[in-house]
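In: turn this into a structure:
(chains A and B)
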Amino acid sequence: MSVENYSPGEIEPKWREYWISNSLHEATDDDPRPKYYCLDMFPYPSGSGLHVGHWRSYVLPDCWSRYKWLRGFKVLHPMGWDAFGSPAENDAIQKGIHPAVSTQRNVENFKRQLHEIGAMYDWSREINTTDPGYYKWTQWIFVKMFKAGLAYKTFMPVNWCPSCKTGIANEDVVNGRCERCGTEVTKKELNQWMLRITKYADRLLTGLEKLDWPEKVKTMQTNWIGRSEGAEVTFIAIAANGTEHPLNIFTTRPDTLFGATYMVMAPEHPLVKALTSAEQAQAVDAYVEQVKSERDVDRAARTEKTGVFTGAYAINPVNNEKIPIWIADYVLMAYGTGAIMAVPAHDERDYEFAKTFGLEIREVISSTPGVAEKAFIGEGTMINSGRFTGTPSAEGRKAIVKWLEEKGLGRATVNYKLRDWVFSRQRYWGEPIPIIHCSINCGLVPVPEEDLPVGLPDVERYQPTGTGESPLAAIHDWVNTRCPNCGGPAKRETDTMPQWAGSSWYFLRYASPRAEDTLITEKGREWLPVDMYVGGVEHAILHLLYARFFTMFLHDIGVVDFDEPFSRLFNQGMITYVGKSGKAEKMSKSKGNVVNPDPLVRDFGCDSLRMYELFVGPPELDAEWSDHGIEGVYRFLKRAWHWVLMHNGRWTASPSEKILRSRHVLIKNVTERLETFRMNTIVSSFMEFVNDIASTNEPPDQETIEAFLTALAPFAPHFSEELWQRTGHKPSIFLQKWPAWDEAYTKSKKVTVAVQINGKLRGTILVQAEAPEATVLETATKDPAITRYLDGKQIRKKIYVKNRILNLVVA
RNA sequence: GCGAAAGUGGCGGAACUGGCAGACGCGCUAGACUUAGGAUCUAGUGGCUCACGCCGUGGGGGUUCGAGUCCCCCCUUUCGCACCA
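Out: Predicted coordinates for the structure are as follows:
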C-alpha cells in the first residue's frame, strides 16, 4: 500500500505557525512546574545571514530545552539582541544609515532565519540592548556602581585601537591586536572610566569552584585572574646623588631574598629619573624612549633580554648588601610594584638577564642540579641565607615574611594579574555613561535614577573624532545640562559603554523583560539563575568574567539572591569547512567557506538539518562539515515516516519481543545519551531502531509508536508533531511526558559470548543470558570452531565475564 | 617555552567501569525495480592472503588471561597563555 510522501516543506511551516499562535513556547511565571532556564549566548545581529555553523549552536540548546520541557519543567528559553557595537556604527559611518535602522533590519532578518531552525524561543520576552527601556537598566547598574565606588574616572595609558579610534579593555586585546578589527593596538593616555573589577578578584576566583563548567574555561579564568601570594619588601634605593628612596618590590619567593644580586625597575617606573646617575642618564633616557616607542607585539616577540644600569644602588634589607639597580622591559609597570629584586639563581628570567650582563648569580636554595646551567626554581633547603640557612624553602618563606613584618620592612600580600576594567569607549553606538560633570564644584555627579535612561541622541556625524572624545561631544544641546546636585551649569559625560555592558546582565532581564520600575520583578527572580548556558568557548574570559562580576555586584546590592549567574556551561565546538585555504577552518565570509542552510532546508527540511547538525560529531568538539551527510538523516526520516504511516491505525495489542526490546533500548539510549550530551550518538540510536524494526513486517503497538515519536520530538519537532497528529493524537506532542523504559525489557534472552583461546578470539557462542560459567564452558567445548584449538591441550585458566567473554588459557 | 584537548577504515565518527574494534552515516561495489534515475529496496564493504590464517586504534616500551581504554617515553595537530616576578 502507498502512503503520502514525507514533504517537510509542507508540514514544517504549518507547525511553526501552530506553536506560535498557541503560545506554546511562552514561559509563564505562574506555571506550577519546576523551572528550567536554558540560555543561548546573546547574538549580535549581524548583517550577513546565519550559516550552518551558527545553526549548530542554536540546535543543541533547542533540543535540550524541548527535552527538559517533556521532562516536566517549565522552560525559559529566550532570545534577544546584543545590538550595540561597531559593525552597525561602521555601517553608519560608511553609508550614513542610522545604526538604529540597520540594527532593526538585521534583527528582522536574523529572527526570520532563527525561525527556520524551528527553535522554541519565547519571543514574548525578546530584548534588545539598544532599546532605551533596556539600557535604562544598564545605566542604572553603572550609577549603582559609581555610588558604590566601583566606577571611577582616571588618566591612564590605555590600549588604543587606531582603527576603531577608541580605547579598549585589556581583555579586548588579543596578541597585541584589537579583538574586533585586528588592528595593532597602541597606547594612549586618556581620561577613562574604569570599573573596579579587581575588588572582586578573589570572589571571581573562588566562585569558580562550585560551577559546573568545563575545566578549560575555569582554568582560563583562573589564569586570567592570576592570583599569586607573596610579599612586598621595601628596599632602600640610594640615588647617585646620595638621596634615599624606599623602593617596594613584590616577590613570590621571599625565601630567596638572600640571593638578590641586583634590582630591576620597569622603564616607566616613577623613580627612574630620580635614581639615575649623570653618567648613565643618556643611556637610561635612550632606553626608556626606545621601550616607549616599541610596539607591544614586538616587545613580546623579542626573547633576548635588554636593560640598562641606572648608576644607583639599593640596600637589601635582609643582609644590608648594596646591589645595583637596573631598568629593563622584562619588568612590567602594570604588575606588582613595577620593580623586582632579581634572584638569578632561582628565577629563569633573572638568570638569563644576569648571564647577558655578567651579573652575579648567587645560589641560596640547594639543589642537585645546582645553578651552573640554569636557574633552579624548585623548593629546597636555604643556603647562604644568614640565620635562615638550613631552613626548608617553604618554611623559610613564612619565616622571612614574619621577620620583615616585625622590622616594618615588608608584609605578606597577594597580587593579581587582573586589572580594572577600562569601561569608556569614544564611540557613538553605545549606552551613554550616565554621569554629569558639574562646572561649579560638585565634580562627577551621577544622573538621578529617576531621570534614567539618558537617551542616545541623534548625531550628524558618527565618525569617531580620534581625539579621545566621542561623537557625542559635538552635540552641544545634549552635552550642556544642569548639575542635578546644585543646578549649576554642567556637561554630560560623552563616553559610551563598551559592548560588553549590555551583555553582562541580559540574562537577568529575560526573567521580567517588560518591568518598568525594577530591573527584575519578585516573580521573575524565580527563574534565575541560568541552569544551562550554551555557547562557544570564545567567550571563556571576557563575557563570562564580566557577567559574573555584574552578577556579584547586583547580589551585593540586593537585586538578586545568587552570585553566580550560570550554574552550568556547555561549550559547543564550531563547524569547520574547507575553503580557499585548502584546510578546514571556522566558517566565515572572508574565508569563503560559508555553507548556506537555506538550500538544505528547502531540499531536506529543517528537521533533517537539525538532526544532521547533531550527527556531525560530539557537540563539544569542532566538526568538519560534509556536504552529503545530511542525506543519510533525510533517508532515515523518510523511512521512519513510511514505517509509522504504513502501520497507522493497525497497531497490534501484543507486540513482539523484538519490538518491545527495541523500544526500551531506544528510550534508554536516547535518555542516557541526552543526559550526557552525546547528541551525535542519539541520532544513531534512532537509526538503529528504525533499521531493526522497519525491516520486519511486524506491526508495532501503539505505545511503541508514541514513545518513538515523543523521544524524537526534541530533535525533529515538526516531523514528530505531524505524525503525532496523523496517528490520531491531539497536538501538541510537546504536552506529552517523556517516555520511560524498563530495564528488564532491554535485555535479550540469548546473548552472544565471545570465546577466546589464549586471548585470541576463536569463536562466538549463543547462550542464555546470565548463563553460569559451567554452562558456557560446556557449550564452548562442544563448538568445533573452538575445540580444534583445545585438542591435546590443557586448560590452565578460565576467565569468564558474564554475558560477554570466555577466555581459556591453554598450554 | 608552559598548559589543555585530540590522533581509530576512503571520509565523519561509535565503543558505559579494561572484555567480539569499526555502531550509525557518507562514499564505494554488486544486484532488484524502473523509459530513466543523482529516487527506492537488497546484499557487501579495515588491510594482506582472499582457504586456514595473519596484521590492524599516531610510534615505541610496559602492566594484564585480555589494552583504543591503564602506566612510562616519543611524534603530530589544534586551541589557550606567553617575560605576571
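In: give me the neighbour count for A:Glu4.
Out: Neighbour count for A:Glu4, taken as other CB atoms under 10 Å: 10. Just so you know, the C-beta spots here come from the backbone N, C-alpha and C atoms, and that holds for glycine as well.
In: give the helix, strand or coil label for the nearest residue to it once chain neighbours are set aside.
Out: In space, not counting the residues next to it along the chain, A:Glu4 is nearest to A:Leu645; the distance is 7.1 Å by CB to CB, 6 or more residues apart in numbering. Under DSSP: H, G, I helix; E, B strand; the rest coil, the three-state class of A:Leu645 is helix.
In: does A:Leu645 really touch A:Gly728, like I thought?
Out: No - if you go by CB atoms under 8 Å, A:Leu645 and A:Gly728 don't touch, sitting 11.8 Å apart.
In: what do these two both touch?
Out: Contact criterion CB atoms under 8 Å, 6 or more residues apart in numbering; no residue bridges A:Leu645 and A:Gly728 by contacting each.
In: higher neighbour count, those two?
Out: A count of neighbours by other CB under 10 Å puts A:Leu645 above the other of A:Leu645 and A:Gly728, at 18 against 11.
In: and the closest residue to RNA strand B within the stretch 501-650 of chain A, how close does it get to A:Pro618?
Out: Residue nearest to RNA strand B within the stretch 501-650 of chain A: A:Gly632 (2.2 Å; CB to the nearest atom of the strand). Distance of A:Gly632 to A:Pro618, given as CB to CB, to the nearest Å: 17 Å.
In: just the element for the residue of the stretch 501-650 of chain A closest to RNA strand B, please.
Out: helix A:629-647 (DSSP states H and E).
In: contacting residues for the residue nearest in space to the middle of chain A?
Out: In chain A, the residue lying closest to the centroid (CA atoms, centre = their mean) is A:Ala540, at 2.7 Å. Listed by CB under 8 Å, 6+ apart, the contact partners of A:Ala540 are A:216-217, A:220-221, A:571.
In: mind redoing it with 7 Å?
Out: A:217, A:220 (CB atoms under 7 Å, 6 or more residues apart in numbering).
In: OK, contacts around A:Val670?
Out: By CB under 7 Å, 6+ apart, the neighbours of A:Val670 are A:682, A:685, A:711.
In: ok, A:Pro714 next?
Out: A:63, A:66-67, A:70.
In: can you check A:Ser393 too?
Out: Residues in contact with A:Ser393, defined by CB under 7 Å, 6+ apart, are A:255, A:365, A:379-380, A:382.
In: which of these fall in strands?
Out: Cross-referencing the contacts of A:Ser393 against strands under DSSP state E gives A:365, A:382.
In: re earlier: closest to RNA strand B out of the contacts of A:Val670?
Out: A:Ser685 (8.0 Å).
In: neighbours of the closest one, just the number please.
Out: Per other CB under 10 Å, the neighbour tally for A:Ser685 reads 20.
In: with adjacent residues omitted, what lies nearest to it?
Out: Of all residues not flanking A:Ser685 in the chain, A:Asn669 sits nearest, at 4.2 Å (CB to CB, 6+ apart).
In: neighbours of the nearest residue to A:Pro453 once chain neighbours are set aside, how many?
Out: Nearest non-adjacent residue to A:Pro453, counting by CB to CB, 6+ apart: A:Lys136, 3.6 Å away. Burial of A:Lys136 is recorded as 19 neighbouring residues (other CB under 10 Å).
In: got a pLDDT number for A:Lys136?
Out: pLDDT for A:Lys136: 97.
In: do you know how far it is from RNA strand B?
Out: 33 Å (CB to the nearest atom of the strand, to the nearest Å).
In: what's the domain layout of chain A?
Out: Domains of chain A are assigned by automatic domain parsing as A:138-214+A:420-492, A:228-415, A:591-743, A:748-810.
In: and the ones you listed as JSON lines, adding distance to A:Thr521?
Out: Formatted as JSON lines, the domains of chain A follow (distance: least, CB to CB, whole Å):
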{"stretch": "domain A:138-214+A:420-492", "distance to A:Thr521": "15"}
{"stretch": "domain A:228-415", "distance to A:Thr521": "39"}
{"stretch": "domain A:591-743", "distance to A:Thr521": "27"}
{"stretch": "domain A:748-810", "distance to A:Thr521": "54"}
